[in-house]
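Provided below are the primary sequence and the corresponding predicted coordinates.
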Amino acid sequence: MTEVDLFVIGGGSGGVRAARIASGHGARVMLAEEYRVGGTCVIRGCVPKKLLVYASRFAHEFEDAAGYGWTVPAPSFDWPTLIANKDKEIARLEAAYTTNLTRANVAIVKSRAVLEDAHTVRLADGERVRAKNILIATGAWPGMGTGIAGIEHVISSNEAFHLAELPKRILIQGGGYIAVEFACIFAGLGSEVTLVYRGENILRGFDDDVRAHLRGEMERRGIKVICKRIVEAIDEVDHGLCVELSDHDDIIVDKVMFATGRRPNVKGLGLEAAGVRLDDKGAIAVDEFSRTSVPHIYAVGDVTDRLALTPVAIREGHAFADTVFGGKPTPVDHTNVPTAVFSEPEIGVVGLTEAQACARFHKVDIYQATFRPMKTVFVGSEARMLIKLVVDGATDRVLGVHLVGPDAGELIQVLGIAIKMKATKADFDATMAVHPTIAEELVTMRTVTRSYAREAAE
Ligand SMILES: Cc1cc2nc3c(=O)[nH]c(=O)nc-3n(C[C@H](O)[C@H](O)[C@H](O)COP(=O)(O)OP(=O)(O)OC[C@H]3O[C@@H](n4cnc5c(N)ncnc54)[C@H](O)[C@@H]3O)c2cc1C
């Protein structure tokens, strides 16, 4: 039987990083991937999605260009060209990931792997590998719901990347960032988009002003947002699909996509046989070093459902390898993680929302501004940018930054450093503005928009 120091199950963001770093620390490493090396992010997540986001934004660029004096012939868009070019890029990246692993002396097996017991991994052909340590990095999978008549007509984000043609009309169910991003992608490319979400408003967990602002901007751009409803049934009819909503309204579309959350990929993995425990949400339970209930079995990334983002999975994978093979115990700090939603307009957030800050701090000041950015107001657009700072009124520390507008994702990466360094509002104020930019508003907001105070601090 082959013996290794580390067997990694899953060649996505977390698994690939962990395998490379562990090998660099001198471990004999084998990694199994059942689909394509690179995992969700590279193959059917962040990367292909961002390429589609870029494609979808050209529509506005062409429109705006005319206001700046350009004569733009009526643009036309070809979905198959975009998908073919996207596939070429994904194949290039997959090859680069494979090369990097091989160069790092990681043995790659293109196979499903399951746990037979706490030290034995079984591959699809029946071969068994004995591992001193095991890392589970199997990611997550779209949850499609059950009991919905006609569910076989519904696609997830996985299939959205491979549609033969751009749907003229699409209904997307879900209110999370993936649902919102795909709604904006399809709308930008010219589809008629309806977004259906069961909750009060889209983007649960985000700051309420961000949620309201983005919804308004999406509606202004023609996306129909229907909240407090769910899809009850889908029927094939002449020229499309008839979607029945919980208020008995029918909507006829060409495609239905569900983006209703992703579930940890644990089914059939042999976790019970190995003694690995799940938490009450069905994710693998781990400690701050990503160690499971079995001391030599670890888990990182989406399968642990801590913060389902690529940079987090990568950081957890790296920290695991340093902890177990580098002699440097490294916990991962999951606080103040900056993140973006690549909607149109874009969202960038870091730190606490207004509601979270008010629940934890006894005095909270909000600085907030909405305005029309110079670039688009010039061409008569009504698009508005939102900038919001959440400040601890007692210490002056900036607890959260929330942006909706152009380049919010790029801006929040840099602001994340300031928040991680515990910057105060006075630090923001002391920073000279860069003019003319939209970001200068971040350092020029002097008036408190609203303030909260309560008796006892937590
Ligand atoms: C549409 C979409 C857009 C996203 N956009 C962003 C974004 O903009 N920014 C961001 O930070 N995050 C984004 N994410 C989330 C991000 O992709 C994930 O958080 C990240 O990929 C998690 O990495 P992971 O290593 O945990 O799992 P994954 O990358 O999912 O990798 C798991 C791998 O394990 C393999 N596998 C599973 N079971 C087995 C088995 N038994 N044997 C062998 N192999 C197995 C799978 O095939 C997969 O390749 C997006 C996700 C989606 C779906």
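Structure received.

Near the ligand, which residues of this structure? Just list them.
Contact residues of the chain with respect to the ligand, defined by CB under 6 Å from any ligand atom, are listed as 9-15, 32-35, 39-41, 45-46, 49, 112-114, 137-139, 157, 178, 265, 269, 301-303, 308-311, 313. Quick note: C-beta positions are derived from backbone N, CA and C, even for glycine.

and the residues you listed, which are buried?
9-15, 32-34, 39-41, 45, 49, 112-114, 137-139, 157, 178, 265, 269, 301-303, 308-310, 313 (16 or more other CB atoms under 10 Å).

among the residues you listed, which are in strands?
Taking DSSP state E as the definition of strands, these contribute I9, A32, A113, V114.

nearest residue to the last one other than its sequence neighbours?
When the adjacent residues along the chain are set aside, V114 lies closest to G270, with 4.3 Å between them (CB to CB, 6 or more residues apart in numbering).

number of nearby residues for the one you found?
Using other CB atoms under 10 Å, the number of residues around G270 comes to 18.

and it, backbone torsions?
Note on G270: its backbone torsions stand at phi 80, psi 20 [degrees, to the nearest 10].

Give me the neighbour count for E232.
By other CB under 10 Å, the residues close to E232 number 15.

List the residues that contact the residue in the stretch 51-200 of the chain positioned nearest to the ligand.
Residue of the stretch 51-200 of the chain nearest the ligand, by CB to the nearest ligand atom: G139 (2.2 Å). For G139, the contacting residues are G10, G12, G14, G39, T40, N265, G301, D302, V303, taking CB atoms under 8 Å, 6 or more residues apart in numbering as the criterion.

got a list of what V47 touches?
Taking CB under 8 Å, 6+ apart, we find V47 in contact with C41, E89, I90, L93.

State the next helix or strand along the chain beyond the lengthiest helix in the chain.
Using DSSP state H, we find that the single longest helix of the chain is helix 79-103. Elements were assigned by DSSP states H and E; along the chain past helix 79-103, the next helix or strand is strand 107-109.

Quick check: can you name the pairing partners of that following strand and their directions?
Take DSSP bridges as the rule and strand 107-109 pairs in its sheet with strand 29-32 (parallel).

pLDDT below threshold where in the stretch 151-300 of the chain?
Across the stretch 151-300 of the chain, nothing is flagged by pLDDT under 70.

Can you list the residue ranges for helices in it?
With DSSP state H, counting those that start in this stretch applied, the stretch 151-300 of the chain shows helices at 157-160, 177-189, 208-220, 271-274, listed in chain order.

And the stretch 1-150 of the chain, by the same measure?
13-24, 39-44, 46-67, 79-103.

Can you lay out those as TSV showing distance to P73 and mean pLDDT?
Output for the helices of the stretch 1-150 of the chain, formatted as TSV (distance: least, CB to CB, whole Å; pLDDT from 0 to 100):
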stretch	distance to P73	mean pLDDT
helix 13-24	41	98
helix 39-44	34	98
helix 46-67	9	96
helix 79-103	17	98
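
what's the most buried one of these?
Mean neighbour count, computed with mean count of other CB atoms under 10 Å, is highest for helix 13-24 among the helices of the stretch 1-150 of the chain, reaching a mean of 27.

State the distance from the residue nearest to V114 to R112.
With distances defined as CB to CB, to the nearest Å, the gap from G270 to R112 amounts to 11 Å.

do the same with Y452
When CB to CB is applied, the distance between Y452 and R112 equals 52 Å.

mind listing what the closest residue to the ligand within the stretch 201-350 of the chain touches?
For the stretch 201-350 of the chain, the residue positioned closest to the ligand under CB to the nearest ligand atom is G301, at a distance of 2.0 Å. Contacts here follow CB under 8 Å, 6+ apart; on that basis G301 touches G10, G12, S13, G14, G15, A137, G139, A308, V312, A313, E316, G317.

Hmm, V324 and G26 touching each other?
No. Taking contact to mean CB atoms under 8 Å, the distance of 11.6 Å between G26 and V324 leaves them out of contact.

Compare these two and say which is more crowded by neighbours.
Using other CB under 10 Å, the more surrounded residue of G26 and V324 is V324, with 26 against 11.

Quick check: that one is in a strand.
No. Looking at V324 with DSSP: H, G, I helix; E, B strand; the rest coil, it is helix, so not inside a strand.

Which residue, other than its chain neighbours, is closest to it?
Spatial nearest neighbour of V324, chain neighbours left out: N133 (6.0 Å); criterion: CB to CB, 6+ apart.

State the distance from D365 to H402.
For D365, the distance to H402 under the criterion CB to CB works out to 14 Å.

Neighbour count: these two, which is higher?
With other CB under 10 Å as the criterion, D365 and H402 differ in neighbour count, and H402 comes out ahead with 27 against 22.

how much space between the closest residue to the more buried one other than its chain neighbours and the ligand?
With CB to CB, 6+ apart as the measure, K388 is the residue that lies nearest to H402, at 4.3 Å, once sequence neighbours are left out. According to CB to the nearest ligand atom, to the nearest Å, K388 and the ligand sit 22 Å apart.

Which strands border the host helix or strand of K388, and is each parallel or antiparallel?
Applying DSSP H and E as the criterion places K388 in strand 385-392. Sheet partners assigned to strand 385-392 using DSSP bridges are listed as strand 363-371 (antiparallel), strand 398-404 (antiparallel).

winner for burial among those strands?
strand 398-404 (a mean of 26).

and for the very next helix or strand once past that one, what are the contacting residues?
Once the chain leaves strand 398-404, the next helix or strand it forms, by DSSP H and E, is helix 408-420. Among residues not part of helix 408-420, those counted as contacts by CB under 8 Å, 6+ apart are 336-340, 342, 345-351, 398-401, 403, 427-428, 439, 442.

redo that, cut-off 6 Å
Helix 408-420 has contacts (CB atoms under 6 Å, 6 or more residues apart in numbering) with N336, P338, A340, E346, I347, G348, V350, G351, V401, L403, A439.

With only the CA atoms kept, save it in PDB.
Extracted C-alpha coordinates of helix 408-420, given in PDB (Å, rounded to 0.1, in the frame of the first residue of the first chain):
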ATOM      1  CA  ALA A 408     -15.800  49.000  -4.700                       C
ATOM      2  CA  GLY A 409     -14.100  45.600  -4.700                       C
ATOM      3  CA  GLU A 410     -10.700  47.200  -5.500                       C
ATOM      4  CA  LEU A 411     -11.200  50.000  -2.900                       C
ATOM      5  CA  ILE A 412     -12.200  47.600  -0.100                       C
ATOM      6  CA  GLN A 413      -9.000  45.500  -0.500                       C
ATOM      7  CA  VAL A 414      -7.000  48.600   0.500                       C
ATOM      8  CA  LEU A 415      -9.400  49.800   3.200                       C
ATOM      9  CA  GLY A 416      -9.200  46.300   4.700                       C
ATOM     10  CA  ILE A 417      -5.600  47.100   5.700                       C
ATOM     11  CA  ALA A 418      -6.700  50.200   7.500                       C
ATOM     12  CA  ILE A 419      -9.500  48.400   9.300                       C
ATOM     13  CA  LYS A 420      -7.100  45.500  10.200                       C
END
